[in-house]
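**Student:** What would the 3D arrangement of this be:
(2 chains)
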Amino acid sequence: MQITEQFILLQAPNSAAVDNGRKLSRNGSFSSLRRTQDDTLRWAECAGSGKNPYRTSIDWQAADSAPVCRCSCPSRQLPCKHAIGLMFEILSGKEFTIAEAPSDILEKRAKQAARTAKKEESAVAPEKPKKSNASAQKKKILRQLEGLEVARKMVDDLLTAGVGTLSGSSALSFDKLAKELGNYYLTGPQTAFQRIALAVREIQQHPEQANTHYAEALRILIALHATIKKSSDFLNGKLESGDYTAEDSMLFEALGGIWRLEDLQAIGCCRENARLIQLSFDVYFDAAKQEYVERGFWMDIDDGTICHTLNLRPVKALKYVRADDSCFELTEIPLLCEYPGERNRRVRWDGCSTRPLTEYESRKLPSLATASIAEAAKIAKNQMMNTLMPKYIPVLLAVGQIGTVADELVLCDPSGGRILLRDRREDGEDHASVHRLRLLPHDPSTQCAMFGLMFFDESDRRICLHPYSLVTPEKIIRLQY
Amino acid sequence: MNLQPMYDLKERLEYAAIAGTGLLHEDFRLRRAVDALAPLTAASAVFARISTSAKALLEAPLSERSVRLLDVLSLVDAVAYTQGVTGVSGEILPLQNGGGNYVHAPYSRLQPLIQALSSTGSGRMSLIQAAWKETPEIFSDFRVLPHVVGMLGESYADLADLAMEILRAQSESIVPLLKENFDPAGKRAMVRRIQLIVQLTGAAENEWLVAQLPYAKKEVREAIILALGTSQRNAQLLIDLCNSERGKAKEAALTALAQMENADCQTLLRKEVLKKPESHMGCLEYAQSEFTADLSAEVLKPEFEKLLSDSAVIDQQKLGTMSTLLRALYGKDSPAVRELWLYIADALSTADSGKNKPVLLLAGLVQSAMLISILWNPSIEMLSLAREMAKRCKKYFLCCALMADMFEQPADTVYDSYSPILPSVGGLSLVLNQLYWDAHTSRFCLRSKKANPFTGIEEPIVHYIHGIDSRWAGTLIKDFADLPNANPDLFDSVLFHIINPTDPRSCEVIGNYLVDRLLTTANVDLYTPELIRCKWTKWKGIAPTLISMRNASRIYIVRQLIEMMPINNGEKAAELRRCDKIMQKSGNSLWDSDRVQIEIARLEANPQAMST
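**Tutor:** Numbering: from 1, shown residues only, chains lettered A, B, ... in the order given. Okay, the predicted model is just below:
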């Protein structure tokens, strides 16, 4: 089996497991390295703190999916540091003696095979129509409509009194309001109120920045108002039609719905054999939801569309949710599920494989860029006009020149169109990347493209680009991670 | 089209939202803004729609105002987005090349490092050190470099020093980064930036340094003045600074002046040094010109004449002063300097130094100064001078001749020449203490340190020599054993310097001696690593013997020794079992046999593994 460092990073639950696994391998903790004749199973003993060593194995019985890692250690992480360490043993080219697979692993393999066969059997059999509990769905929608009315009332009260009264309100009262919306299956509007509560806290802690936070609260209210209005129509429409199945609509998520992969497949939001390359990776903390958001921007190397992945890690469950990481290789995905939307759709997948980009693929990447800034800006404006959509759009722009005008960095497209390069303030200081362009080892060539977020800067009403990476024919230079 | 009325309306609507819709009907400014939109309504249907909605908002009953307000705001916002512009007028200047590289490192590796470099608190040093050791290339990444520069201002000095070390290893392309946000009135971080700029570029940034000088204060000013010594063009500026500056800044100006070859500079320097030799001789320490050598000799000759003609005048204060003044002679060579050294050798050979402690102490200072001089400047003339001094005063300067011969003669010749007269080589330890085994090149070298005259930062001096004869180990150990009242700890530290891991003969001799010392002192930390360096293989039985000889009943000493031994787990378990047997027999209550059994079981679980 071919193992790369990228493969190990993809398997690891977090970076600490990678470091610990690497240390175990480096310190010679593994002994009795064995493998089967067909090389589908590798196992070894790893010295731990206890009297007996742990028995660790990596099983590639199913060649098209991730390996099954097994270990006798008590860790709840999967794969554990011992399995990661064993991968590093393989990566470092250590000698594995050929041996018969241990009986306990053979037993587990047999059980696994039976489970897979059963699954496949059920997949082949005609799918029974899922029974949807219509009355429960109806009840839920009615409850949501009730909740939307409560939210509307809250917005109305807040605007009647004035957003300026936020400084005198208690953040706790907004927390309570937000909590109440949770009773109506409305986690989307609930988050909006949590953000208002956060703005209240900020105003109280930093009164000198009150205006910024009032503006932020107002933006949330405008978006919330649009959500309430559109969602009410959407839900009422469902009630009237009596069709309660999932729909290809962004409102489902705006209300707080969580898509399952099978639901996305059911509404046809999926495609086969996608080939994605990651253009950028970053992590930010969502204070309102108290979670880390690990975001990757990807490009389909076949058609140039840009999409994104989000890995949400709530603070309360941080160590139980696998951390995402930068990916430098081409990711081949048998079945890619896409969230509803038009551009920059969120994507998810269940299984994938990675491989290095070929020279041809690498050289092709810049050519997938949008050639004209004006064209990209038009698309960006159309998206920003929609109240429910993010106020930015990820774009890959062809570079004619990058330079400075009056000490501000400017990107010039091949036809002479220009756009200012600026950091998006909402992304926070840790995402600032414009200054990094000045530190690049060499001037980006004309053959390259720049990936970034196109956004509207309120301060001078300009459409700007927050640069995230430079795509050259040789490599992707990441300004973030 | 002038869209200002629309933006004014947007602003008023936002104010209305902040003030509350309850007061909306009283808001005459909003009303005026709605009226001002009239000219635009004819131009486009969307403005007409905004105007109509805004008017409806003003007329709406209180219960409807919030909804209407948000509707108008959404609409105005949407239009504002569509009016966003992208173009930028003006000439585009090309981007200057920056100082960083791009390293293909994932978030999981970059982010913890960047966080450690840019945050505060404990636990960062080990992470940064480990990254510097394992993946030094990551520090040249353009995303990491600015944070390393930022760490120059770290209050924890070890971290700031590590940042210096990392940045010194980069190319001069990082200079723009060091110049960015430079504060001439700043503190230590800015001093470090100056030192780095000078180290990386020499005199190339002279103009920038001169431009910073008028605004520079305190320690940054001293650093800049010192750096001005890199360029001969600064002669007149340095003369002016010597006259205008006071205190440490003046010292820096004189040190920089000592690097100038200009006659006016030399006249001023001579005047200042002769006026206050104790204060200003330090300025000559790192200058190597013939002028500064002659000036040093000119100052020192009368001082020596005074002291050596009447040893009664030598007191602690005089010795302290002489120690400072002698530093000016380090590495210097000129006829006057040679004449001074030979005068000193002659004078010391005739001085009654049998039990004359002040003369002995003075001779010790001179001996050290000559050895450092050789290390700083091992020229043929200097080496010949050392031998000549040894001829004239064997007692104090034979060690200098030994060092000179180490530079030029084969290892066996040096041994044959000096081993018969070993007891008469005074200062032998001073020579051997400068000797190091370089594992990278598998060669012996003589090492010293010398500060860069333009930064004040010490830099290592390394001279590779022909080698050390393997017979030295046995001879030194034998001679030491014959010496009464000798300090074994000092001798051991000297002996460590002549370990040659590639020479089995000397390693065997030194190893046997070190095992003996380990068993005598039970100093596991000191002797075990040196034994490992000697590639010692006969570990079996050392731990049980240590227990028997020293009654080292504390488990941690034995455990530490066994842990450090370069043997496999099975052998370690056997050693531990032997120790346990001895201690169980002795019935020592401090020995925790149960813990030892657990340890043995752990080791035996993986008997072939090497866990040191």
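**Student:** Report the secondary structure element holding the nearest residue to residue B:430 once chain neighbours are set aside.
**Tutor:** What sits nearest to residue B:430 in space, not counting adjacent residues and going by C-beta to C-beta, 6 or more residues apart in numbering or on different chains, is residue B:371, at 5.7 Å. Backbone N, C-alpha and C define where each C-beta goes, glycine included. Using DSSP states H and E, residue B:371 falls within helix B:357-376.
**Student:** other SSEs contacting that helix?
**Tutor:** helix B:290-309, helix B:316-326, helix B:335-350, helix B:380-392, helix B:394-408, helix B:428-432, strand B:443-451, strand B:458-464 (3 or more C-beta pairs under 8 Å, 6 or more residues apart in numbering or on different chains; DSSP states H and E).
**Student:** picking up where we left off before, any idea how many residues pack against the residue nearest to residue B:430?
**Tutor:** Residue B:371: 25 surrounding residues under other C-beta atoms under 10 Å in any protein chain shown.
**Student:** That one contacts residue B:399, correct?
**Tutor:** Yes - using C-beta atoms under 8 Å, residue B:371 is in contact with residue B:399, at 6.9 Å.
**Student:** Could you please give me the overlap between the contact lists of those two?
**Tutor:** Common neighbours of residue B:371 and residue B:399, using C-beta atoms under 8 Å, 6 or more residues apart in numbering or on different chains, are B:427, B:430-431.
**Student:** now the residues you listed in CSV, with pLDDT and neighbour count?
**Tutor:** Output for the shared contacts of residue B:371 and residue B:399, formatted as CSV (pLDDT from 0 to 100; neighbours: other C-beta atoms under 10 Å in any protein chain shown):
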residue, pLDDT, neighbour count
B:427, 80, 21
B:430, 88, 19
B:431, 89, 22
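**Student:** Could you name the helices and strands sitting against the longest strand seen in chain A?
**Tutor:** Taking DSSP state E as the criterion, chain A has its longest strand at strand A:270-286. In this structure, strand A:270-286 makes packing contacts with strand A:291-300, strand A:330-338, strand A:462-471, strand A:476-478, helix B:107-118, judged by 3+ C-beta pairs under 8 Å, 6+ apart.
**Student:** That one pairs with which strands?
**Tutor:** Using DSSP bridges, strand A:270-286 pairs in its sheet with strand A:291-300 (antiparallel), strand A:330-338 (antiparallel).
**Student:** Show me what the helix or strand just after the longest one is in contact with.
**Tutor:** Under the assignment DSSP H and E, the closest C-terminal helix or strand after strand A:291-300 is strand A:306-314. When contacts are taken as C-beta under 8 Å, 6+ apart, the neighbours of strand A:306-314 outside the stretch itself are A:276, A:279, A:289-300, A:321-324, A:338, A:343-348, A:394-396, A:451.
**Student:** Looking at chain B, which residue is nearest chain A?
**Tutor:** Nearest residue of chain B to chain A: residue B:20, at 2.7 Å (C-beta to the nearest C-beta).
**Student:** is it true that that residue touches residue A:157?
**Tutor:** No - at 10.2 Å, residue B:20 and residue A:157 do not qualify as touching, with contact defined as C-beta under 8 Å.
**Student:** so what's residue 22 closest to, chain neighbours aside?
**Tutor:** I'll assume chain A. Counting by C-beta to C-beta, 6+ apart, the nearest residue to residue A:22 once its immediate chain neighbours are dropped is residue A:88, at 5.5 Å.
**Student:** Chain B is the one I meant
**Tutor:** residue A:160 (5.4 Å).
**Student:** and that neighbour, that's in a strand?
**Tutor:** No - counting by DSSP: H, G, I helix; E, B strand; the rest coil, residue A:160 falls outside a strand, being helix.
**Student:** contacting residues around the residue nearest to residue B:430?
**Tutor:** B:399-400, B:403, B:427, B:430-431, B:434.
**Student:** and the two most separated of those?
**Tutor:** With C-beta to C-beta as the measure, no two of those lie farther apart than B:400 and B:434, at 12.0 Å.
**Student:** Model confidence at residue 96, what's the number?
**Tutor:** Reading this off chain A. Looking at residue A:96, its pLDDT stands at 89.
**Student:** um, chain B though
**Tutor:** 78.
**Student:** Thank you, goodbye.
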